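Peer 1: Pasting a predicted model and its sequence here:
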Amino acid sequence: AGIFTEVVQPDGRIIIGGYFNTVHGESHSNIARLLPNGEIDPSFHVIGYTGVVQALALTSDGKILVGGDIYNNVNLSGIMRLNSDGTIDPTFALNQAINYVKDIQVESNGKILVAGQFGNEKVFRLNSNGTVDASFISGFSANYPVYTICPLANGKIVVGGEFTTFGGSQYQGIARLTNFGGVDAFFTPVLFDAQASSVVTTIKQDSDGSLIVAGSFELQNGQRNIARISADGIVDATFDPLFESYSSIHDFSFQDNGELVVVGDFSTINGYVVEDVAALSSSGDYLPAFDCEASSTYTSAVFTIQEMINGGLFIGGSFTEINGFGKNRMASIFGFDPYLGETVLQEESTLLYPNPTSASCKIQAKYAASVVSVKAVNSLGQLIPLNWSEADAGLNVDLQPLTKGFYVLRVETITGTTNYPLVID
């Protein structure tokens, strides 16, 4: 069981997909929606389909595209569109059977790029109503699976996967397509080590136009599992975190300061012991101050990571613990706390609201009577004392001394300290 994909809606609710039967003890088959505080959204329930969910995407009108090895009783197999309440949208007029789907990306014009299997094609495009876009012809595309699609700002499309040829041309792992699906011959082939595994699972474009490519691979220059290349395919040899052999990166998230948080199945970076989650600088150096370890009694991995609207990160996978806390397949990571020197996790048994906020907040918790102090930690690691008072089942906290930004709220009690992420808007 595990969470393989997720997407954050504009209102902060989080849709998760994968292979599972229950979420927080409630019956949800492979797809569910969480409220921003991590609780199940009772207004969302999907029925009438079977199969593992491997891809999610949002449309501009608030509907949800779902892909994977799935079959539903409204459309054909592989992909479906849901209304905002989770009901299957019958107006999504898919007119071809799709074997499976690995990735879905919605273009600015509403058309839908899909990586998967449709006849001989591994990459295809649908119109916004679900019909196959006949103008997109990828020349029988790849000889092996495509796992990821990255639409570029100029309309071209970069794809990654396990292939060695694309459209009859020699492109291993990565290829660039024109807007109409043909192979772009002006893209420089990335040179992989022929003796090592070469699987690209994620490609995303950075704000400077470069591409970060991740997966389980080794380039001819020795770089493993993650690389930065130009939009034309030139490898940046200076970006090399030194990941171990026989490991993989499944996903990553760009941070506002240029850093990356990467997740996958790995245990060392440049000699440092890590567990499936790590932060890298913009130049690719490992950042040991970001200390987050995913683990499980059995094999664990983190498959997906998304930024939440409060600035934190939501991860999903097959793990059962984060930093020793029980976190079954999903967790919220609220960034590096410079004062504590550790990763701050959302505690599911407590709730801070509203968040973001400005003047005050309430913390719903059972330990209000034992509170000793409440302080905010700013981005410089400075402690700012705050006034607080007991309230029904919690605390009221006066936030007037705080200016706009991200903080960690430290609540000290007679038995210990609890940390909460806090955004002042």
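Peer 2: Cool, the structure landed. Numbers count the residues shown, from 1 in each chain.
Peer 1: where are the low-confidence patches of the stretch 1-150 of the chain?
Peer 2: Scanning the stretch 1-150 of the chain for pLDDT under 70 picks out 74-76, 138-140.
Peer 1: Run through the strands of it in chain order.
Peer 2: Taking DSSP state E, counting those that start in this stretch as the test, the strands found in the stretch 1-150 of the chain are 2-8, 14-19, 22-23, 26-27, 31-34, 49-58, 64-72, 79-82, 100-106, 112-118, 121-126, 146-151.
Peer 1: In JSON lines: those, plus mean neighbour count and distance to Ile414.
Peer 2: Using the backbone N, CA and C atoms, a C-beta is placed for each residue, glycine as well. Shown next, in JSON lines, are these (neighbours: other CB atoms under 10 Å; distance: least, CB to CB, whole Å):
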{"stretch": "strand 2-8", "mean neighbour count": "22", "distance to Ile414": "37"}
{"stretch": "strand 14-19", "mean neighbour count": "24", "distance to Ile414": "34"}
{"stretch": "strand 22-23", "mean neighbour count": "16", "distance to Ile414": "34"}
{"stretch": "strand 26-27", "mean neighbour count": "10", "distance to Ile414": "35"}
{"stretch": "strand 31-34", "mean neighbour count": "24", "distance to Ile414": "33"}
{"stretch": "strand 49-58", "mean neighbour count": "21", "distance to Ile414": "44"}
{"stretch": "strand 64-72", "mean neighbour count": "23", "distance to Ile414": "46"}
{"stretch": "strand 79-82", "mean neighbour count": "25", "distance to Ile414": "48"}
{"stretch": "strand 100-106", "mean neighbour count": "22", "distance to Ile414": "50"}
{"stretch": "strand 112-118", "mean neighbour count": "23", "distance to Ile414": "54"}
{"stretch": "strand 121-126", "mean neighbour count": "24", "distance to Ile414": "59"}
{"stretch": "strand 146-151", "mean neighbour count": "23", "distance to Ile414": "50"}
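Peer 1: tell me the centre residue of this protein?
Peer 2: With distances taken as CA atoms, centre = their mean, the chain has Ile305 as the residue nearest its mean C-alpha position (2.6 Å).
Peer 1: Provide the contact partners of the strand or helix carrying that one at residue level.
Peer 2: Assigned by DSSP states H and E, Ile305 falls within strand 302-307. With contacts defined as CB atoms under 8 Å, 6 or more residues apart in numbering, strand 302-307 is touched by 2-8, 14, 18, 250-253, 261, 263-265, 276-277, 294, 313-319.
Peer 1: same deal with stretch 238-252?
Peer 2: The contact list for stretch 238-252, computed with CB under 8 Å, 6+ apart, reads 196, 199, 201-202, 204, 212, 214-216, 218, 222-228, 260-271, 280, 283-286, 301-305, 317.
Peer 1: Now, of those residues, which are buried?
Peer 2: By neighbour count, with 16 or more other CB atoms under 10 Å, the contacts of stretch 238-252 hold 199, 201-202, 204, 212, 214-216, 218, 223-228, 260-266, 268-269, 280, 284-286, 301-305, 317 as buried.
Peer 1: So which of those are in helices?
Peer 2: Per DSSP state H, helices hold no members of the buried ones among the contacts of stretch 238-252.
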